[in-house]
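Colleague: got a predicted structure here, sequence first:
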Amino acid sequence: MILLSSRITVDMLVIQRHLLSDSTDPFNRSHLTVEMLIPNIELKARIEEFIKSQELKRHGEGLNKQSSKGTIQPTSGDMLID
């Protein structure tokens, strides 16, 4: 969530908990209510895109490991150990 008065992005649950005991922006002490919070849609989309890319990367690495287990990998002679 973006705090209206200070324009700083904070976690929604954290700021909601703060507002239960103090109705001010924790960064500049100006009046703040839950209704004044603005969802940071752009940041949320970027985070979701990052998470998805990491899941795809991990899934792809898992497939590469599975496919390499069943094949013999060629080696060059200089990599052999006596």
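Modeller: Cool, got the structure. Numbers count the residues shown, from 1 in each chain.

Colleague: neighbours of residue 5, just the number please.
Modeller: 14 (other Cβ atoms under 10 Å). Any C-beta I mention is one placed from the backbone N, CA and C, and that applies to glycine too.

Colleague: which intervals of this protein have sub-threshold pLDDT?
Modeller: 62-82 (pLDDT under 70).

Colleague: tell me the centre residue of it?
Modeller: residue 47 (4.4 Å; Cα atoms, centre = their mean).

Colleague: name the element it belongs to?
Modeller: helix 41-69 (DSSP states H and E).

Colleague: next one: that helix to chain centre, how far?
Modeller: On the basis of Cα atoms, centre = their mean, to the nearest Å, helix 41-69 sits 12 Å off its chain's mean C-alpha point.

Colleague: got the buried residues for it?
Modeller: By 16 or more other Cβ atoms under 10 Å, helix 41-69 has no buried positions at all.

Colleague: before we move on, what about stretch 6-19?
Modeller: 10, 15, 19.

Colleague: okay, now residue 2: neighbour count?
Modeller: Residues within reach of residue 2, counting by other Cβ under 10 Å, total 17.

Colleague: which residues does it contact?
Modeller: Going by Cβ atoms under 8 Å, 6 or more residues apart in numbering, residue 2 touches 8-9, 37-40.

Colleague: what's it sitting at in phi/psi?
Modeller: In terms of degrees, to the nearest 10, the main-chain angles of residue 2 are phi -100, psi 130.

Colleague: state the distance from it to residue 15.
Modeller: Residue 2 is 10 Å from residue 15, where distance means Cβ to Cβ, to the nearest Å.
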